[in-house]
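Asks: got a predicted structure here, sequence first:
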Amino acid sequence: MSAASPAAAPASLKSDAAVISAVGFAHGTSHFFHFVMPPLFPWLMREFSLSFTQVGAAMTVFFVVSGIGQALAGFVVDRVGALRVLAFGVGALSLAALGIASAQNYPMLLVAAGIAGLGNCVFHPADYSLLNRRVSTARLGHAFSVHGLSGSLGWAAAPPFVLALATAWGWRAGAVGAAIVGGGALAVLLLNRRQLDDTAARAEAARRPGGSFAFLSVGVVWMCFAFFLVSVMAFGGLQNFAPPIFERSYGVSLAFATSGLTAYLLANAAGTATGGFFASRGQHQERLVAAALAAAALCSIALASTAVPAWSLVALMAMMGFGVGFTGPSRDILVRRAATSRFGSGAYGRIYGFVYSGIDTGLAIAPIVFGHLMDAGRYSGVLWGVAALQCGAILTALAVGSRSRQA
């Protein structure tokens, strides 16, 4: 399969830039909403008398709905078009944020989390379909890099943004601010709707063989799913609980502990940008992924040991984030080659939707598993779990690389 559909080949630099920018901003918004609720955990726990496990369960609802929906959303993308599906997703995220802001009890929070998960489920199948169909072949590598970078920046922007609003005007204001961010993303999509229209590309792709459910019979597709599940589950432990872990394990302030997570997310973005220069070199992307994840796992082990000084938290989290971020572009190329080489461009949405639903599955499991460890006071156990999962991701990445070359 070629790197892009024929419809994408003659695209101009201006058109490519518009598509990459709009899709990147939407992707950053989806990642931003991953961190709307976790920074509000301290307020929500006091407001509704909740435990760590209960607030973590709200994120589980988010990612269970998103994971199931993502596997199905790919079929909708292939049928009705990526732009319509993407606009629906952004709108649902904004609605969910307003639901959080108006919540009067725990069940209302769970409903809002479910609506947010429904909005979040569309992004990977819609984003990757648009990039593959509307960006020219020569610029696809840059498109994947920007896509990953924007996601990392969305993660990094949310905690300080939401915390600043919540500290100044209350936790409900933090949620309202998130809804406004979603509205801005929807406006960007509508302003660029001509460049994002993939009707012609979908019509041409539909005439090619491939699609349906045939991809589910290919083992490497399931390996790609497993890779995302274990690697992102490791991130889920940090996403939800890194600040309270460091506050309790190292005796630092919550603000300093939160800065460690922010450093991870910013370094993750820098690692993604750097990794883009190496991702398309050679045929052994899995080696880059394995090496970078090994470095990240060593940082997790150092933090879990609690033997390092408290002042080193930010540096170690930054190094871990850089290592994980560095794998992003290589990971996307590795998964793309392994998962779509047999089925043609007509199956972009459903293949990406299924494989990347491993992300939501991992993020749904993480709050429950690690929440129990937090409630039991085993804070360093979360970090040991993160390290173990990163090692598991190394093994699955190597397996994906080996199988894809055989295919």
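Replies: Received the coordinates, thanks.

Asks: let me know whether L93 touches L118 as I believe.
Replies: No - L93 is beyond contact range of L118, at 9.0 Å (criterion: Cβ atoms under 8 Å). Bear in mind the C-beta positions are built from the backbone N, C-alpha and C, glycine included.

Asks: the more surrounded of these two?
Replies: When L93 and L118 are compared for neighbours, L93 comes out ahead with 30 against 21, by other Cβ atoms under 10 Å.

Asks: so which bits of stretch 162-169 are buried?
Replies: 162-163, 165-166 (16 or more other Cβ atoms under 10 Å).

Asks: now the two most distant members of those residues.
Replies: Taking Cβ to Cβ, the two most distant members of the buried residues of stretch 162-169 are L163 and L165; they sit 7.5 Å apart.

Asks: overlap in contacts of those two?
Replies: Residues touching both L163 and L165 (Cβ atoms under 8 Å, 6 or more residues apart in numbering): G174.

Asks: need the pLDDT of the closest residue to Y250 other than its chain neighbours.
Replies: Sequence neighbours aside, A310 is the residue nearest to Y250 in space, at 4.3 Å (criterion: Cβ to Cβ, 6 or more residues apart in numbering). Here, the pLDDT recorded for A310 equals 91.

Asks: any regions of this structure where pLDDT drops low?
Replies: Scanning the chain for pLDDT under 70 picks out 1-11, 137-138, 200-212, 279-284, 335-336, 338-348, 403-407.

Asks: what ranges do the helices span in the stretch 151-300 of the chain?
Replies: 171-191, 199-206, 219-250, 254-275, 285-305 (DSSP state H, counting those that start in this stretch).

Asks: in the third one, what's buried?
Replies: Same thing as helix 219-250. Neighbour-count burial for helix 219-250, counted by 16+ other Cβ under 10 Å, picks out 220-247, 249-250.

Asks: what's it packed up against?
Replies: Applying 3 or more Cβ pairs under 8 Å, 6 or more residues apart in numbering; DSSP states H and E, we find helix 219-250 packed against helix 52-80, helix 254-275, helix 313-340, helix 348-375, helix 379-406.

Asks: could you dump those to CSV with mean neighbour count and distance to H147?
Replies: As requested, the helices and strands packed on helix 219-250 are exported to CSV (neighbours: other Cβ atoms under 10 Å; distance: least, Cβ to Cβ, whole Å):
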stretch, mean neighbour count, distance to H147
helix 52-80, 22, 16
helix 254-275, 22, 9
helix 313-340, 25, 8
helix 348-375, 25, 12
helix 379-406, 20, 19
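
Asks: the residue nearest to Y250 reaches E247, doesn't it?
Replies: No - using Cβ under 8 Å, A310 is not in contact with E247; the gap is 10.4 Å.

Asks: now G385. Nearest residue, chain neighbours left out?
Replies: Leaving aside its sequence neighbours, G385 sits nearest to G237 (Cβ to Cβ, 6+ apart; 6.0 Å).

Asks: got the contact list for the one you found?
Replies: 366, 369-370, 382-383, 385-386, 389.

Asks: which residues does F32 contact?
Replies: 154-155, 157-158, 161, 178, 181.

Asks: if we use 6 Å, what do you get?
Replies: By Cβ atoms under 6 Å, 6 or more residues apart in numbering, the contact set of F32 is 154, 157-158.

Asks: distance check, it against F246.
Replies: Computed with Cβ to Cβ, to the nearest Å, the distance linking F32 and F246 is 23 Å.

Asks: same check, this time on T361
Replies: Distance of T361 to F246, given as Cβ to Cβ: 27 Å.

Asks: on that earlier part again, could you dump the helices and strands packed on helix 219-250 to CSV with distance to L140?
Replies: As requested, the helices and strands packed on helix 219-250 are exported to CSV (distance: least, Cβ to Cβ, whole Å):
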stretch, distance to L140
helix 52-80, 18
helix 254-275, 15
helix 313-340, 9
helix 348-375, 12
helix 379-406, 17
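
Asks: mind checking which of these is nearest A22?
Replies: Judged by Cβ to Cβ, the one of those that comes nearest to A22 is helix 52-80, at 15.9 Å.

Asks: got the angle between that closest one and helix 219-250?
Replies: 150 degrees (axes from the mean of the first three to the mean of the last three Cα atoms, to 10 degrees).

Asks: what distance separates helix 52-80 from the centre of its chain?
Replies: Distance of helix 52-80 from the chain centroid (Cα atoms, centre = their mean, to the nearest Å) equals 12 Å.

Asks: kindly report the same for stretch 172-182.
Replies: Using Cα atoms, centre = their mean, the offset of stretch 172-182 from its chain centre is 20 Å.

Asks: and the contacts of it?
Replies: Counting by Cβ under 6 Å, 6+ apart, 36, 40, 90, 93-94, 97-98, 100-101, 162, 165-166 sit against stretch 172-182.

Asks: nearest to F62, of those?
Replies: Among the contacts of stretch 172-182, V36 lies closest to F62 (Cβ to Cβ), at 9.6 Å.

Asks: tally of neighbours for the nearest residue to that closest one once chain neighbours are set aside?
Replies: Closest residue to V36 apart from its sequence neighbours, by Cβ to Cβ, 6+ apart: A178 at 4.5 Å. Using other Cβ under 10 Å, A178 has 29 neighbouring residues.

Asks: again with T199
Replies: Neighbours of T199 under the rule other Cβ under 10 Å: 12.

Asks: dump the residue contacts of A71.
Replies: Contacts of A71 by Cβ under 6 Å, 6+ apart are 353-354, 357.

Asks: columns distance to A294 on top of those residues, output as a markdown table?
Replies: Formatted as a markdown table, the contacts of A71 follow (distance: Cβ to Cβ, whole Å):
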| residue | distance to A294 |
| --- | --- |
| G353 | 30 |
| F354 | 28 |
| S357 | 26 |
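
Asks: ok, so of the residues you listed, who is nearest A297?
Replies: Of all those, A297 sits closest to S357, with 24.4 Å by Cβ to Cβ.

Asks: and the closest one, how far is that from D16?
Replies: 28 Å.

Asks: ok, I100 next?
Replies: Taken as Cβ to Cβ, the span from I100 to D16 is 36 Å.

Asks: over to G81?
Replies: Separation of G81 from D16 (Cβ to Cβ): 19 Å.

Asks: which residues touch the closest residue to G151 other than its chain neighbours?
Replies: The shortest distance from G151 to any non-neighbouring residue, by Cβ to Cβ, 6+ apart, is to H31 (4.2 Å). Neighbouring residues of H31 by Cβ under 6 Å, 6+ apart: 151, 154-155.
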